[in-house]
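> Predicted model and sequence follow; I will ask about them next.
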Amino acid sequence: MQHDIYVYLFIMSAVTIAIRIVPLTLIRKQIKNRFLRSFLFYVPYVTLAVMTFPAIMDATQTPVSGLMALIAGIALAWYGASLFKVSAACCLVVFFTELLLV
């Protein structure tokens, strides 16, 4: 049973190395395809969103406070607030929403 852990670790490391090395060895020229360049440009943002959005709803005591903070954060970011202001406002929204609800 304990040997299975080493197999899992080996497979995970092989996949991670393959994901990082294969593109470096196969793609040597600059990518000129507009669709592929656009796709690769948005990959970090999508990855961050996929990791962040589920945590927003689960990190608070009530999903309503997470949703309210998400809406406030999107609105502030839309109107050009800095990252610090957005995060501070979201924390305050969660604090006061949970203070009222719980």
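Received it, and whenever you're ready, just let me know what you need.
> got the buried residues for stretch 39-56?
Of all the residues in stretch 39-56, those buried under the rule 16 or more other CB atoms under 10 Å are residue 56. Bear in mind the C-beta positions are built from the backbone N, C-alpha and C, glycine included.
> any idea of the mean pLDDT for that stretch?
Per-residue pLDDT over stretch 39-56 has a mean of 83.
> who's in contact with it?
With CB atoms under 8 Å, 6 or more residues apart in numbering as the test, stretch 39-56 has contacts from 31, 66-67, 69-70.
> do that again at 7 Å, thanks
With CB atoms under 7 Å, 6 or more residues apart in numbering as the test, stretch 39-56 has contacts from 66, 69-70.
> between those, which has the most around it?
The most crowded member of those, judged by other CB atoms under 10 Å, is residue 69 (25 neighbours).
> The stretch of helix or strand that one belongs to: what's the following helix or strand?
Per DSSP states H and E, residue 69 falls inside helix 63-78. Once the chain leaves helix 63-78, the next helix or strand it forms, by DSSP H and E, is helix 83-101.
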